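K.L.:
sequence plus predicted model, see below.
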Amino acid sequence: MSNENVHSGQCFCGAVEVTVTGEPDVMGYCHCADCRAWSAGPVNAFTIWSPEAVRITRGAENVGSYQKTENSIRKWCRTCGGHLLSEHPIWGVTDVAAAVLPDLPFRPALHVNYASTVLPMRDGLPKQKDFPAEMGGSGELLPE
């Protein structure tokens with residue numbers, strides 16, 4: 001029996017499995033330089049969850065982490081380097097990379113850090129200059 005509110009994914013080699021339960025708080029795209037460097041792409045697709053909804057269900061001993069700033073603790077598989085998630089302790093949320101959860105329908109609601117974009121996207125979604133005001137950002141919206 002499958003549960004539509006439980007989604008699992010894994011790193012590139014499959015050594016580490018991540019399971020999320022429930023619905024994400026929000027999904028969207030981040031355009032900041034750190035996310036671009038981390039994802040090796042022009043934009044990073046995110047799914048934001050409460051930390052309690054995210055579990056490493058296989059291979060926890062194989063998870064590496066790196067904290068460049070107080071905003072993010074990025075986690076990956078030590079075997080293949082496959083990205084898994086980023087903890088954001090200052091906001092009390094966990095970002096599981098959208099690509100890690102292949103069976104979760106990705107429904108982006110906004111763009112964050114759009115002032116830093118290197119890939120303009122015309123999709124009708126709100127474009128936050130930095131972050132929404134409730135996350136400590138300016139809340140300023142930019143045009144497409």
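P.N.:
Sure thing, it's come through. Numbers count the residues shown, from 1 in each chain.

K.L.:
quick one, helices of the protein?
P.N.:
Along the chain, counting by DSSP state H, helices occupy 33-39.

K.L.:
how far is the helix or strand bottoming out on mean pLDDT in it from where the chain is centred?
P.N.:
Lowest by mean pLDDT, DSSP states H and E among the helices and strands of the chain is helix 33-39, with a mean of 93. Helix 33-39 has its C-alpha centroid displaced from the chain centroid by 11 Å (CA atoms, centre = their mean, to the nearest Å).

K.L.:
list the buried residues of that helix.
P.N.:
For helix 33-39, a neighbour-count test (16 or more other CB atoms under 10 Å) marks Asp34, Cys35, Arg36, Trp38, Ser39 as buried. Backbone N, C-alpha and C define where each C-beta goes, glycine included.

K.L.:
count residues in the vicinity of Asp130, would you?
P.N.:
Counted with other CB atoms under 10 Å, the neighbours of Asp130 add up to 18.

K.L.:
against Ile73, how distant is the closest residue in space to it that isn't next to it in sequence?
P.N.:
In space, and not counting its chain neighbours, Asp130 is closest to Gly137: 4.2 Å by CB to CB, 6 or more residues apart in numbering. Separation of Gly137 from Ile73 (CB to CB, to the nearest Å): 20 Å.

K.L.:
then Val26?
P.N.:
Counting by CB to CB - Val26 and Ile73 are separated by 19 Å.

K.L.:
residues near the closest residue to Ala97 other than its chain neighbours, how many?
P.N.:
Computed as CB to CB, 6+ apart, the closest residue to Ala97 that is not its neighbour in sequence is His83, at 5.4 Å. Neighbourhood size, His83 [other CB under 10 Å]: 20.
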